[in-house]
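Colleague: Below are the sequence and a predicted model for it; my questions follow.
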Amino acid sequence: MNTVLRNALLMSFLLIISLTASPSFASDHFKGAVCLIRSDNNLVMVKEVLTDKWSLPAGTIEAGEPPQQAAQREVWEETGLVVSVGKELWRGESAIFFDCVSDSDLIAFAQQDKDGGYELPIWFAPDYGVEVSRAHLIDAKTVSAEDYRYPDQWESIANGYLGATSQKVSFVESLAQAAPRFNQLELPWIASLQSYLLYSENPLVNMMSSLVLVGLWFTSPWWLLLLPLCYSQFGRDFTLKLIFTLAFGALVVQMGKLGFQLPRPFVYQPNLNLAEQIGYGLPSLSLTLWTISIAMISSQLDLRGWNRFYTCCAVGLCWLVAALFYSASTFLLDCLIGVLFGWLCAWHMSRLETTIGPQSNELFTKKGVWLLLLMASSAIAFIWQTPALLGLTFVVLATFICVVGFNLPNQISSKNALMLSGCLTLITFGFAHAHSLVNSSNFKSLIVYVSLLPVLLMFSFAFIRIVGEKKPSRS
């Protein structure tokens, strides 16, 4: 293993330590502080991004931090609520439960969500989209212990939460007026479209609703399993170039989301939500990645004029835009910016080939460009410590290791590509099962989350190394 590879591994190890190291805990054996915010029979609960479980606003007590201050801080970070921490209600095995009262009236949407609770607006909370995806007020008696992150604790919470102070709630129908003015125009369009397709008496119109929502499949990372077919058709050099561009595009999109912090449409009107999208919407990540792939493949095919390939791609992109807009997952402006940015990334890659010639593809088989991307992604993940950015850093690291450590062949057969895609599918199902076994732990869920794509890439390149064909790649 050469010096560059050792340095990259050391840098990544230090990044992992800095992002995942557990802080020192408070005195005694209590590691966490939990807030119970109550209104009548309802409790404020948050949906965690990594575990996909409901929990109470809570978190780790930092070194030297009073438990009450830790509880107050965690409520603000997870829900955006400023609370006064009152009496201690009880102590669990490792956490202290406090009675917390919001300094202002709780604001909740009047329509019940699919879980029977009342959604809270939390898009301004520091951890929104990073650790927490939703928050709502819900009757604790209707919550199943299996839906709570720590099932063994739920009985004591359900029996003891009425000891917390009840506070007033103000219900609102919509917060559309809180959306940016350039987005406010689109919310009535979404509502009208849903009203027509969902509540029509014509069964064909109802089928159209389901058909449109099928387009959300294109937002799934499952389509990345098609990369082995790309390797078989276009060879090593182009596939590495495509992976580099996708990783770079995803990195910039994640930075844009964290920078702009513009919520998705359903945040302002939860009853419009027909999907399970998380975090901010501008720009659209899925449309960026699809546009990059389509533009770069069409350039590699050297297509001229309008043809079936462009027709199929246009239909697919329009289908995806329609699904995102109709499900209130993304504004049209978010979609447009995602497409434009994806095209811009692909255009720059095309310009690179024009500038230095066909050998531009070989540039991405060198360790230098991957090392630069690894350093950039590591620095960004260190500044914005989010699971998505950490996962991207490990994707780049895995590719860098394979480029440096493996003598990758130029091409593989279509049969081997299909076999590899099948293996990757099984690995993906295995990771999904592993997540279900560890979803009571944020740390273990994080490990599973950030490991999936790197493991898929490492396995792919190892498989390709074994079965690959030593013949020239297509130019």
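Modeller: Thanks, I have the structure now. Residues are numbered from 1 along each chain as shown.
Colleague: And the strands in this protein?
Modeller: For the chain, the strands defined by DSSP state E occupy 32-36, 38-39, 42-48, 54-55, 58-60, 83-91, 95-102, 106-109, 118-119, 132-139, 169-172.
Colleague: Quick check: which of these is nearest to residue 443?
Modeller: Nearest of those to residue 443, taken as Cβ to Cβ: strand 58-60 at 10.8 Å. C-beta: built from backbone N, CA, C; applies to glycine.
Colleague: what's the pLDDT at residue 469?
Modeller: We have a pLDDT of 58 for residue 469.
Colleague: I misspoke; the intended subject was residue 16.
Modeller: For residue 16, the pLDDT comes out at 50.
Colleague: swap in the one 10 residues further on?
Modeller: At residue 26 the predicted local confidence, pLDDT, stands at 41.
Colleague: Let the chain start at 329 from now.
Modeller: All set: I'll call the first residue 329, so the last point we hit is now residue 354.
Colleague: on that earlier part again, a markdown table for the strands of the chain, including distance to residue 618?
Modeller: Converted to a markdown table, the strands of the chain look like this (distance: least, Cβ to Cβ, whole Å):
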| stretch | distance to residue 618 |
| --- | --- |
| strand 360-364 | 41 |
| strand 366-367 | 43 |
| strand 370-376 | 27 |
| strand 382-383 | 32 |
| strand 386-388 | 37 |
| strand 411-419 | 42 |
| strand 423-430 | 42 |
| strand 434-437 | 32 |
| strand 446-447 | 30 |
| strand 460-467 | 23 |
| strand 497-500 | 36 |
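Colleague: Rebuild these as a markdown table, extending it with distance to residue 571 and mean pLDDT.
Modeller: Formatted as a markdown table, the strands of the chain follow (distance: least, Cβ to Cβ, whole Å; pLDDT from 0 to 100):
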| stretch | distance to residue 571 | mean pLDDT |
| --- | --- | --- |
| strand 360-364 | 40 | 95 |
| strand 366-367 | 49 | 94 |
| strand 370-376 | 30 | 96 |
| strand 382-383 | 36 | 95 |
| strand 386-388 | 36 | 92 |
| strand 411-419 | 45 | 94 |
| strand 423-430 | 43 | 95 |
| strand 434-437 | 41 | 95 |
| strand 446-447 | 38 | 96 |
| strand 460-467 | 28 | 95 |
| strand 497-500 | 45 | 95 |
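Colleague: Switch those over to TSV; also include mean neighbour count.
Modeller: As requested, these are exported to TSV (neighbours: other Cβ atoms under 10 Å):
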stretch	mean neighbour count
strand 360-364	25
strand 366-367	20
strand 370-376	24
strand 382-383	22
strand 386-388	21
strand 411-419	15
strand 423-430	23
strand 434-437	20
strand 446-447	23
strand 460-467	21
strand 497-500	13
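Colleague: Which among those is found nearest to residue 670?
Modeller: Using Cβ to Cβ, the nearest of the strands of the chain to residue 670 is strand 460-467, at 24.9 Å.
Colleague: Packing partners of that closest one?
Modeller: Applying 3 or more Cβ pairs under 8 Å, 6 or more residues apart in numbering; DSSP states H and E, we find strand 460-467 packed against strand 370-376, helix 395-407, strand 434-437, strand 446-447.
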